[in-house]
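Peer 1: Based on what follows, work out the 3D shape:
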Amino acid sequence: MLPPTHLNVLDKHGGFTAITKSPRYVKVCYSNGAFKEWNKEWQECNTLWRPGNLLHDPTGQLQEFDEESSYQLNYNTTKAIYKVKGYRFRIVVWFDNITGQRIA
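Peer 2: Numbering: from 1, shown residues only. Predicted coordinates for the structure are as follows:
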């Protein structure tokens, strides 16, 4: 299923699911293989439901999607990731591939 390029990211409860970032430490080595230092990188890894009043404009722009995703026990879903102007984190939305309806 191809998700819409622009979408109101608020769900039926008036909120949205943000993708949060967590730190990860990456080992950096010199060209000879000797340890140099640990670099801290931030990666997207978890989600968190947030209330809709955090967004000034809930219209999101599609950035990427995965048509072979899963949501809870539904293994036939499309996961779409949107960016909302003025909000720091990206927002994830799931759609059912059979009905085309938004799940969360």
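Peer 1: any idea how far the residue of the chain positioned farthest from its centre is from C45?
Peer 2: Using C-alpha atoms, centre = their mean, the residue of the chain lying farthest from its centre is N32. It sits 37.7 Å away. From N32 over to C45 the distance is 32 Å, taken as C-beta to C-beta, to the nearest Å. Using the backbone N, CA and C atoms, a C-beta is placed for each residue, glycine as well.
Peer 1: For the strand ranked longest in the chain, name the packing helices and strands.
Peer 2: Using DSSP state E, we find that the single longest strand of the chain is strand 35-51. The contact analysis (3 or more C-beta pairs under 8 Å, 6 or more residues apart in numbering; DSSP states H and E) places strand 35-51 against strand 15-29.
Peer 1: Name the surrounding residues that touch the strand it packs on.
Peer 2: 9-11, 35-52, 55, 58, 81, 87, 89-93, 104 (C-beta atoms under 8 Å, 6 or more residues apart in numbering).
Peer 1: buried ones in stretch 68-82?
Peer 2: Of all the residues in stretch 68-82, those buried under the rule 16 or more other C-beta atoms under 10 Å are 69, 71, 77-82.
Peer 1: Quick one: distance of that stretch to the chain centre.
Peer 2: In terms of C-alpha atoms, centre = their mean, to the nearest Å, the gap separating the centre of stretch 68-82 from the centre of its chain is 11 Å.
Peer 1: next one: stretch 90-104
Peer 2: Put simply, stretch 90-104 sits 12 Å off its chain's centre (C-alpha atoms, centre = their mean).
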